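**Q** My questions concern the predicted model and sequence given below.
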Amino acid sequence: MKVKGLLLILFLSSFQTITSQYIYFYDDNSLLAREDEISIGVVKEGKETVYIMQGGYKRLDMSKNMVTINLTSRTLQSTKTITVDMAKNDAAFYLIKFSKDNTWKIVSVEEEDASFSVKNDYKQIKEIRATKKRSKNHPKTTWTKNGLKAHFTTKSDTIEGIYKMPYKETNIPQITFGIVKNGNNFDVVYFSGDSEDVWSEGDIKARLYRTGKKGIFRLDWYNWDKTLEKKEVYARLNENALKIFFPNDTYWYFLKMYPVYK
């Protein structure tokens, strides 16, 4: 789960602007396809922008327009032209298919029939869109780290404070958050350490609820992509440390950094 999250964060950070339409071209993985080079000329308002595809696939980021595309095979020295109406498509998929008699054609396919690499790329784009939408609607607070410190100088419950993971571990974010009372329960307020493309200071990282046993709490925990963890998550307060237990038999340890011990 954490490795997948890290990979998608890297993909997201390199994908600065998410446009809404895409055209994919991919080859049939034949010997000719692997040796060939396809130039893809996108014609807009009388101007042609050329992209190069050499094996594998090519994704073009498009707008909602009718677009004309010229594809030229360097090996076969021939050009084919297609027209794609992107007003009707979120994404369009085309297979470049070569025959043994040195002919080729462009075949429109459905998403489920595209190559694994193409489907995986488009899947990541859709996951990024979903994450951005969740981020827009994610519960937030007005708390900042300094604001919470000032709040704790006047009063604080036993568990309230600012916590940080005191060590670095591969594929686990070194998160800093605050725990502040909200009614009979507590908000876990994110400050830093997770993906900056997804998380902002003041976001709700979790909500923490008392149980029948002192020092044991149940959590509504938001994962790295702001999806709510469906399985049960618990935490145990042990003096000035908080250990959070996740459903995959792992736990994260957080040290209370503020208020400081006196």
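**A** That came through, no problem. Small disclaimer: the values here were computed from a predicted structure and weren't measured.
**Q** quick one: Y209 from D36, how far?
**A** Per CB to CB, to the nearest Å, Y209 is found 61 Å from D36. For glycine as for every other residue, the C-beta is placed from the backbone atoms N, C-alpha and C.
**Q** now do R218
**A** Counting by CB to CB, the gap from R218 to D36 is 59 Å.
**Q** between the two, who's got more neighbours?
**A** D36 (19 against 15; other CB atoms under 10 Å).
**Q** ok, the more buried one - contacts?
**A** By CB atoms under 8 Å, 6 or more residues apart in numbering, the contact list for D36 reads D27, Q54, S73, R74, T75, L76, F98.
**Q** Mark out where each domain of this structure begins and ends.
**A** 18-137, 145-258 (automatic domain parsing).
**Q** Export those to a markdown table and append columns for mean pLDDT.
**A** Formatted as a markdown table, the domains of the chain follow (pLDDT from 0 to 100):
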| stretch | mean pLDDT |
| --- | --- |
| domain 18-137 | 90 |
| domain 145-258 | 91 |
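**Q** what's the distance between K231 and H138?
**A** 20 Å.
**Q** What of K47?
**A** Distance, K47 to H138, by CB to CB: 41 Å.
**Q** R207 now?
**A** From R207 to H138 the distance is 12 Å (CB to CB).
**Q** Next: S39.
**A** According to CB to CB, S39 and H138 sit 43 Å apart.
**Q** L219 too?
**A** From L219 over to H138 (counting by CB to CB), the distance is 16 Å.
**Q** now swap in I125 and tell me
**A** For I125, the distance to H138 (CB to CB) stands at 20 Å.
**Q** who has more neighbours, those two?
**A** Between I125 and H138, counted using other CB under 10 Å, I125 has the larger neighbour count: 20 against 16.
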